[in-house]
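Student: sequence plus predicted model, see below.
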Amino acid sequence: MATPPSRRSILSLYSMMLRTSRSFSSYNFRTYFVRRTQDTFRTLQNESDAGKIRSIYSDAVAELAVLRRSAAVNQMYGGWRLAVEDIKKPDAITERGDN
Amino acid sequence: MLSRISRTAVCRTAIKSNAKALAGARRGLVQPSGADRASVVDLPSTYQDESHFTPRSDMLGFKLEMPVREGSVKEKTRPIYLDMQATTPVDPRVLDAMLPYLTDQYGNPHSRTHAYGWEAETAVEDARKHVADLIGADAKDIVFTSGATESNNMAIKGVARFHKEKKRHIITTQTEHKCVLDSCRKLGEEGFDVTYLPVQQNGIVSLEELEAAIRPDTSLVSIMTVNNETGVIQPMKEIGALLRKHRGVYFHTDAAQAVGKIPIDVNEMNIDLMSISGHKLYGPKGIGAAYVRRRPRVRLDPIISGGGQERGLRSGTLSTPLVVGIGAAARIAKMEMARDHKRISELSNRLVQAINSQVEHVVRNGDPNGYPGCVNLSFLIRRRRKSSDGPEGAAEDMAHSSLRFGIGRFTTEAEIDFVVQHIVRTVQKLRDMSPLWEMVQEGIDINTIDWSQSQH
């Protein structure tokens, strides 16, 4: 691949990775991969060296396949929602009466 | 076990009627034995039912709710996890690398005669390379074990026992992990001399004391890289350089909490033996690795004897999926180390600053320059009543009112804010009940209190 990936293909890969990352059902994995995808593509945006852009892009393509499979597994085995996910107002925190 | 019996008991009648119907319908060469011939132990009268559970006293009032997968996913919430020193979640990318070896590629990596064995062996050797790359070692120096505990046992007992004819002294520190201390205690029973070095106020071992403890018959020095309770990082490079000056003293380090989190290079640090754990670097449990230097060669007595796998140091068939898991975890750790460390530092500062701004008299245990993912705070809440505590009562108070926060790759800002909010409330509530806190507020220095009077 001699030419760097086009802007359009980068953007389409970004949206696909973001969508896949959001499909994780576990809170911690979901937030991590969303954050990581945004981080990766922000560095890609600021990169001017064509060789580096190509290598980041091809790494991301390989990772998209991994993320898709991982997200599918995670959706099957993901657990309950975490306490932070539906956070209540501070005064609404209930406490056990016996301690 | 009991639950299984009761379940079979329920099914028994159904099977019996089925078996009769089948026997009449068709006769084959192999006759199934009826379920009525199986012996089923009667349930004891005290047996309640499958869902009965007696809470233990160490559950601290937490309720145990068995996760039921179907249906309840939306209804219940789970607590957040901030105990990354105990174990870390398996990274989804690690699981993805492991799955093929848990399903279709099930060959024995030691089988030399067919493709199933070859593909497993290739995968194991790739994983070995990834683990070696993470610590700057050669792939041939890595021995896979069941975990850091086994690696520690293998290294400490192995080196000491191999050199027992001439050398009978080993050195370790008082803050080591239990498996190191217990291996040393065992060697002590076998007639070895063990020196347990104290650490300074900041948790770091003093190089002068270490050098003074070395004897001509010292065979091994074992000092952990990152402490599991306080996150203190020992100066490995300086210790390695110091020990290199003494010929024949091997340097072992328990790096279970360090590998994949801080940069480590076994050559730069002059480490001869190192213990690595898979489940502390987002890999699977049940796998670990030992680094055993080959040049100059470190010789040790293997604990497990058998088919001579892993250079004869750890016989037994390797678990391909677990080895692939630790390999993938090491590869990802190397790739993500800088990014993870930056983020964990940010979260760690956020936690410490938020707690310090809202609660007074909080002491951070350990060295401030330690690993940021391990924050150990003492809250000064209560004094444990115990007949044996003498003048060190105050230090013990600190130990009993301290909390360890483990921050990792998947921790979020929301989780940190959530824990701060709860800690502040809980500490305030406990302090309102504590007589010790009243004394502190009256201006009495707790170190000057004569604890022995309060006993009577």
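Tutor: Perfect, I can see it now.

Student: can you give me the buried ones in the longest helix along chain A?
Tutor: Counting by DSSP state H, the longest helix found in chain A is helix A:50-77. Residues of helix A:50-77 classed as buried: A:Ile53, A:Arg54, A:Ile56, A:Tyr57, A:Ala60, A:Glu63, A:Val66, A:Leu67, A:Ser70, A:Ala71, A:Asn74 (neighbour count, 16 or more other CB atoms under 10 Å in any protein chain shown). C-beta here means a position set from N, CA and C on the backbone, and glycine is covered the same way.

Student: do the same with stretch B:131-148
Tutor: Neighbour-count burial for stretch B:131-148 [16+ other CB under 10 Å]: B:131-132, B:134-135, B:137-138, B:141-148.

Student: what helices and strands are in contact with the least confident helix or strand in chain A by mean pLDDT?
Tutor: Here the helix or strand of chain A ranked lowest by mean pLDDT, DSSP states H and E is strand A:81-82, holding a mean of 86. Secondary-structure packing of strand A:81-82 (3 or more CB pairs under 8 Å, 6 or more residues apart in numbering or on different chains; DSSP states H and E): helix A:27-46, strand B:77-78.

Student: where does pLDDT dip in chain A?
Tutor: For chain A, residues meeting the criterion pLDDT under 70 lie at A:1-2, A:79, A:87-99.

Student: now the strands for chain B?
Tutor: Taking DSSP state E, the strands of chain B run over residues B:77-78, B:142-145, B:169-173, B:193-197, B:218-222, B:250-254, B:273-277, B:288-292, B:363-364, B:374-378, B:402-406.

Student: would you list those strands in CSV and tack on mean pLDDT and distance to chain A?
Tutor: Shown next, in CSV, are the strands of chain B (pLDDT from 0 to 100; distance: least, CB to the nearest CB, whole Å):
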stretch, mean pLDDT, distance to chain A
strand B:77-78, 82, 5
strand B:142-145, 97, 23
strand B:169-173, 96, 34
strand B:193-197, 96, 38
strand B:218-222, 96, 34
strand B:250-254, 97, 27
strand B:273-277, 97, 20
strand B:288-292, 97, 23
strand B:363-364, 89, 24
strand B:374-378, 93, 18
strand B:402-406, 92, 13
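
Student: got CSV for those strands, with distance to B:Val180 too?
Tutor: Formatted as CSV, the strands of chain B follow (distance: least, CB to CB, whole Å):
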stretch, distance to B:Val180
strand B:77-78, 33
strand B:142-145, 15
strand B:169-173, 6
strand B:193-197, 10
strand B:218-222, 6
strand B:250-254, 6
strand B:273-277, 9
strand B:288-292, 13
strand B:363-364, 25
strand B:374-378, 18
strand B:402-406, 19
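
Student: which one of those strands lies closest to B:His341?
Tutor: strand B:374-378 (12.7 Å; CB to CB).

Student: in its sheet, which strands sit next to the closest one, and in what direction?
Tutor: strand B:363-364 (antiparallel), strand B:402-406 (antiparallel) (DSSP bridges).

Student: can I get those strands in JSON lines with mean neighbour count and distance to A:Ser12?
Tutor: Output for the strands paired with strand B:374-378, formatted as JSON lines (neighbours: other CB atoms under 10 Å in any protein chain shown; distance: least, CB to CB, whole Å):
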{"stretch": "strand B:363-364", "mean neighbour count": "14", "distance to A:Ser12": "47"}
{"stretch": "strand B:402-406", "mean neighbour count": "20", "distance to A:Ser12": "38"}
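
Student: reformat those as a markdown table; add distance to B:Pro284.
Tutor: What follows is these, written out as a markdown table (distance: least, CB to CB, whole Å):
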| stretch | distance to B:Pro284 |
| --- | --- |
| strand B:363-364 | 32 |
| strand B:402-406 | 18 |
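
Student: for B:Ala354, grab the count of nearby residues.
Tutor: Using other CB atoms under 10 Å in any protein chain shown, B:Ala354 has 17 neighbouring residues.

Student: quick one, what contacts the nearest residue to it once chain neighbours are set aside?
Tutor: Closest residue to B:Ala354 apart from its sequence neighbours, by CB to CB, 6 or more residues apart in numbering or on different chains: B:Val420 at 4.3 Å. B:Val420 is in contact with B:Leu351, B:Ala354, B:Ile355, B:Gln358, counting by CB atoms under 8 Å, 6 or more residues apart in numbering or on different chains.

Student: got the contact list for the residue nearest to the last one when sequence neighbours are not counted?
Tutor: Looking back up the chat, that one is B:Gln358. Using CB to CB, 6+ apart and skipping the chain neighbours, the partner closest in space to B:Gln358 is B:Val424 (4.7 Å). For B:Val424, the contact set (CB under 8 Å, 6+ apart) comprises B:Ile355, B:Gln358, B:Val359.
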